[in-house]
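Colleague: Sequence below, structure please.
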Amino acid sequence: MGTQSATAGMLPPSDSDEDDEPVPAKKAGQPATAGMLPPSSSDEDDSSSEEEDEEKPKPRTLQPAVVSSKPKKGEEEIDPEQARKDLERLELTRKKREDDRLKRIRDEGWDRFAPVTDTNKPPDLVPADHPSRKEAA
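Modeller: Numbering: from 1, shown residues only. The predicted model follows:
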């Protein structure tokens with residue numbers, strides 16, 4: 001399965017020169033830290049005393065709330081046995097669909113799932129059991 005790009009849904013940079021001034025951040029809406037978690041207590045140095053913490057506060061960095069565990073390209077190896085099983089299952093699915101298509105053509109006279117063409121069209125637009133057919137007969 002493909003992964004979504006980190007820039008998905010973002011607009012490309014503007015080429016207009018009229019917006020050269022930086023836009024001030026809006027006060028309404030979500031804060032810039034939405035979706036972020038503060039660092040865990042294990043990241044901080046426990047050996048420092050309270051006096052040191054008061055004198056020089058440590059800057060706290062934010063971490064993403066959800067850590068992606070996507071494998072990098074090339075890391076994920078395809079198991080040859082699993083690939084063989086997948087191909088066998090794919091072949092069985094294709095065979096079943098072809099058999100179903102041929103059965104529909106045999107039973108109904110056309111394949112209702114295929115596009116309507118000169119060679120694939122309903123044999124008659126009015127069903128055989130339609131009341132208008134009984135009157136004409």
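
Colleague: give me the number of residues near Q82?
Modeller: A total of 9 residues lie near Q82 under the criterion other CB atoms under 10 Å. No exception for glycine: its C-beta is placed from N, CA and C like everyone else's.

Colleague: Need the three-state assignment for it.
Modeller: Following DSSP: H, G, I helix; E, B strand; the rest coil, the label given to Q82 is helix.

Colleague: Once you drop chain neighbours, what's closest to A114?
Modeller: Spatial nearest neighbour of A114, excluding adjacent residues (CB to CB, 6 or more residues apart in numbering): N120 at 5.1 Å.

Colleague: Contacts only, for that neighbour.
Modeller: W110, D111, A114 (CB atoms under 8 Å, 6 or more residues apart in numbering).

Colleague: If we use 10 Å, what do you get?
Modeller: I105, G109, W110, D111, R112, F113, A114 (CB atoms under 10 Å, 6 or more residues apart in numbering).

Colleague: likewise K85?
Modeller: D79.

Colleague: quick one: it is in a helix?
Modeller: Yes - per three-state DSSP, K85 lies within a helix segment.

Colleague: returning to that earlier point: what are the phi and psi values at the residue nearest to A114?
Modeller: Taking degrees, to the nearest 10, you get phi -130, psi 90 for the backbone angles of N120.
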